[in-house]
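> Below is the sequence, then the predicted model.
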Amino acid sequence: MKRALERHLNILDFTLASLLRRKAKNFSLLAVYLLVVFMLASLQFFVTALKREAAIILSDTPDLIVQRLSAGRQDLVPVGYAEEIARIRGVTQVRPRLWGYYYDALNGANYTVIASDDPMVAPSRAAVGAGVAKTRNLAVGDLVPLTSYDKTPLMVEIGSIFPHSSDLIAADMIILTPEDFKLLFNFPKGQATDLAVSVRNPKELSTVAAKIADRFPDSRPILKSEIQRTYQSIFDWRGGMTLIILASALLSFIIFAWDRATGLSAEERKEIGILKSIGWETSDVLLLKFWEGTVISLTAFLLGVVLAYGHVFFLSAPLFAQALKGWSVIYPRFQLVPVVDAYQLAVLFFLTVIPYTTATVVPCWRAATTDPDAAMRS
Amino acid sequence: MILPPAALALVLIGLLVSGMGTYAGYYGMRIIKYWDPGHGTERQLELERRTYLISTIMNYILGFELMSLFLFIYTADDLHTLFTGAMCAAGSLAINSFGYPALLLKIINFLFAGVWLILNYADNRGYDYPLIKIKYELLNLLVPLLVLESVLLFAYFAGIKPDIITSCCGSLFGRDSGSFSGDLAALPHRPMQIACFSGMAITAVSGMFFYLKGRSGYLFSTASAVTFLITIASMLSFICLYIYELPSHHCPFCLLQKEYGYIGYVLYAALFSGAVAGIGVGVLMPFWQVASLVRIIPGMQRRLTVVTLVCYLLFTLIVVWKMSFSALKLG
């Protein structure tokens, strides 16, 4: 056992010395390898962090949302529905919600307008998100004219501005009282945008949803889990698509690695020739090549992952953000919370190190089986 | 079709493994056909060199198979959020008819590749490569399985459509379902406990006997293989129950999750390594009389026996420890 370990250690020692002797060649390979790991790791970290952000935000959505459809399009829900849904056994609360979008012709942005009974808003006093405040240059106490649907101006005072930390949810938000909301949108009485339903036992959610769909054939109940699932698959899909685009980069890297491993320099061939003529066996040379690959792979992998971590979590992934986040006039600024787990690292390892290893198997074997005299004479 | 990066990684590994396997199998066939150690022809020299390449490739295949086995289960577990009713890997593997066959084939291929490498190791020790033809005939059996595994894996991921209502592990492994895994779970826990621990005991006794006297190798090998199968059934029947401390949760995958301290990795690794080594002992038995291996095989078999005994002992100790300190007591 001890002898076997010593053999490995000695060969590893030799490998490191021999890698350092050919710095220029190995560093160029390392650089390309590192770049590939860095790109894939950044992508993986970014998508996972976004998925987690989405999961955290969606955990606060209502258990069940009931919309009404009219000719296949979403329509307003009569408040009367809420009273009847509240009578279904297991339902603890039904809350009619009022919300909509307001287009601001001044800057081309869409705001999300929500009606709330919260004490932070009062008649003609609104709370706005930091994104809205920034694009319109607003401060607390300013008056904003909003144009209502019957073309009369509605003057609203800024009561409070949400902090930047809530940007992901609140950047484009304007919160008004239900009365102001109805004035602004000329909203019909006795109607709501949709209904938020709470159910005491989460296991009964699908039964309650089925009962609602049965009682109101024009309604569309949406479960929280359905929304969460949809977001998860969207992020997975975007990540996968980007990965497929990057596959060409991965493929070129594999070809590069294969080429590097095949094209042994005269010096390397001579080295292998000398090793074999002083008694190294083919299996020893194969072991040497194995350790060479391991050293290069691990260095590139670890450095690449660390760099990607910095790129995503300190610099907010400038290289991928545009492709993965989407865009809008008011875009929330947010710092991603670092999430790295063994699973992500394993996936990365599989996507980078294993293809590299596979590409170099045959060239390494070819190098290891050259005859000593042929190698030294070449 | 969904595209999580892990699925792409698994499909990529499947392609690489079956590609490498086919390459090795092709040269394996050439070796079977032209191998002639009596002549130092150029072709013979070339084939002898190829054997190094094939050994290296098979080493890599075994390593990749082991890593991807766990990655596959973990990925299936991660995907369960996409399906209504699925709670863990058990549900997401049942999402189409390729999930469980792919998993089963992955396990079989891992065991097969492990046994092949044991045979290969013995063969490389003999100066005249005495097992070379048998070895490459076996390789030609393994290669189609590797290719089939990749096809199943691809079909599984390609056939996933999120939102399909699927059975969760509660009903899939519950006592009332008529499926294969349901039958395993329905095996009563008392007889399974007796079977599992007797199997371990018989393996231990026959292993020690074989180690000391060098006889009854087939008995030990058979005992370790049968015990492996019984233990897998026992995982579903009672071991899981004690670990989850729930009398109705028979899922063999939740063990791999963080909530249970990743204990499943240790258990499965011990069980699989023990089984590979134990089966390896039996596979080497017919070659005792081969002249160039007379001095090599007994030593190897003793080492393999120790591996099996240590792995199975570790497994048994963990299970006994979990059973003794579990809050659940089965009557």
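The structure has been received and is ready for your questions.

> What helix or strand is the residue of the stretch 51-200 of chain B found nearest chain A located in?
At 4.3 Å from chain A, residue B:53 is the closest residue in the stretch 51-200 of chain B, using C-beta to the nearest C-beta. In short, each C-beta sits where N, CA and C put it, glycine included. For residue B:53, the host element (DSSP states H and E) is helix B:42-79.

> May I have the secondary structure class of residue A:94?
Taking DSSP: H, G, I helix; E, B strand; the rest coil as the rule, one finds residue A:94 in the strand state.

> which residues of the stretch 1-150 of chain B score low on pLDDT?
B:1-2, B:84-85 (pLDDT under 70).

> Near chain A, which residues of it are found?
Neighbours of chain A within the stretch 1-150 of chain B, by C-beta under 8 Å from any C-beta of the partner chain: B:2-10, B:12-13, B:16, B:19-20, B:49, B:52-53, B:56-57, B:60, B:64, B:67-68, B:71, B:74, B:78, B:81-84.

> hmm, which of those residues are the buried ones?
Neighbour-count burial (16 or more other C-beta atoms under 10 Å in any protein chain shown) is assigned, among the residues of the stretch 1-150 of chain B next to chain A, to B:2-10, B:12-13, B:16, B:20, B:49, B:52-53, B:56-57, B:60, B:64, B:68, B:71, B:74, B:78, B:81-84.

> Do you have the helices of the chain handy? List them.
Chain wasn't specified; assuming chain A. A:2-21, A:23-58, A:79-86, A:130-135, A:167-170, A:178-185, A:205-215, A:224-262, A:266-277, A:282-309, A:321-325, A:342-368, A:372-377 (DSSP state H).

> ah, no, chain B please
B:5-34, B:42-79, B:89-93, B:99-125, B:132-158, B:169-172, B:180-186, B:189-213, B:217-234, B:240-244, B:263-284, B:297-325.

> and among the ones you listed, the most buried is which?
Most buried of the helices of chain B, by mean neighbour count (mean count of other C-beta atoms under 10 Å in any protein chain shown): helix B:89-93, with a mean of 26.

> How is chain A partitioned into domains?
Domains of chain A are assigned by automatic domain parsing as A:2-58+A:230-377, A:64-223.

> Just the closest residue of chain A to chain B, please.
In chain A, no residue comes nearer to chain B than residue A:240, which is 2.4 Å away by C-beta to the nearest C-beta.

> ok, and the closest non-adjacent residue to that residue?
residue B:3 (2.4 Å; C-beta to C-beta, 6 or more residues apart in numbering or on different chains).

> repeat for residue B:242
Nearest non-adjacent residue to residue B:242 (C-beta to C-beta, 6+ apart): residue B:326, at 4.3 Å.

> Next: residue A:104.
Leaving aside its chain neighbours, residue A:104 sits nearest to residue A:111 (6.3 Å; criterion: C-beta to C-beta, 6+ apart).

> Give me the neighbour count for that neighbour.
Residue A:111 has 23 neighbours, counted by other C-beta atoms under 10 Å in any protein chain shown.

> That one bridge partners, please.
residue A:102 (DSSP bridges).

> about what we covered before: now the helix holding residue B:53: how far from the chain's centre is it?
14 Å (C-alpha atoms, centre = their mean, to the nearest Å).

> Run through the neighbouring helices and strands of it.
helix A:282-309, helix A:342-368, helix B:5-34, helix B:89-93, helix B:99-125, helix B:132-158 (3 or more C-beta pairs under 8 Å, 6 or more residues apart in numbering or on different chains; DSSP states H and E).

> can you list those in TSV and add distance to residue A:321?
Converted to TSV, the helices and strands packed on helix B:42-79 look like this (distance: least, C-beta to C-beta, whole Å):
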stretch	distance to residue A:321
helix A:282-309	14
helix A:342-368	19
helix B:5-34	18
helix B:89-93	30
helix B:99-125	35
helix B:132-158	28
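
> on that earlier part again, check contacts around the residue nearest to residue A:104.
Residues near residue A:111 by C-beta atoms under 8 Å, 6 or more residues apart in numbering or on different chains: A:101-102, A:104, A:132, A:172-174, A:330.
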